[in-house]
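Novice: no FASTA, just this:
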């Protein structure tokens, strides 16, 4: 995720991927806050990949 460098996730289904991404973002932000690091401003790109 561009806004959260190094924060990545995946899943076998779209639903599981979304669930895993939400968890990864939550844990990432918790870690930043625990270390008194500011949460970066949100920036994002949308990429659609069809397989």
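Specialist: Good, I have the coordinates. Quick caveat: nothing in here was measured; it's all calculated off a predicted structure. Residues are numbered from 1 along each chain as shown.
Novice: Next one: the nearest residue in space to residue 41 that is not next to it in sequence, what pLDDT does it get?
Specialist: The shortest distance from residue 41 to any non-neighbouring residue, by CB to CB, 6 or more residues apart in numbering, is to residue 3 (7.2 Å). (Each C-beta comes from the backbone N, C-alpha and C, glycine too.) We have a pLDDT of 76 for residue 3.
Novice: tell me which element residue 3 falls in.
Specialist: Here residue 3 sits in a region with no helix or strand, counting by DSSP states H and E.
Novice: for residue 21, same thing?
Specialist: Assigning secondary structure by DSSP H and E places residue 21 in helix 14-34.
Novice: Now that helix: average pLDDT?
Specialist: Across helix 14-34, pLDDT averages out at 93.
Novice: how distant is it from the center of its chain?
Specialist: Helix 14-34 sits 5 Å away from the centroid of its parent chain (CA atoms, centre = their mean, to the nearest Å).
Novice: picking that back up, give the contact list for the residue nearest to residue 41.
Specialist: 40, 41, 42, 43, 44 (CB atoms under 8 Å, 6 or more residues apart in numbering).
Novice: Against residue 12, how distant is the residue lying closest to the first one once chain neighbours are set aside?
Specialist: Sequence neighbours aside, residue 3 is the residue nearest to residue 40 in space, at 5.3 Å (criterion: CB to CB, 6+ apart). Residue 3 sits at a distance of 25 Å from residue 12 (criterion: CB to CB, to the nearest Å).
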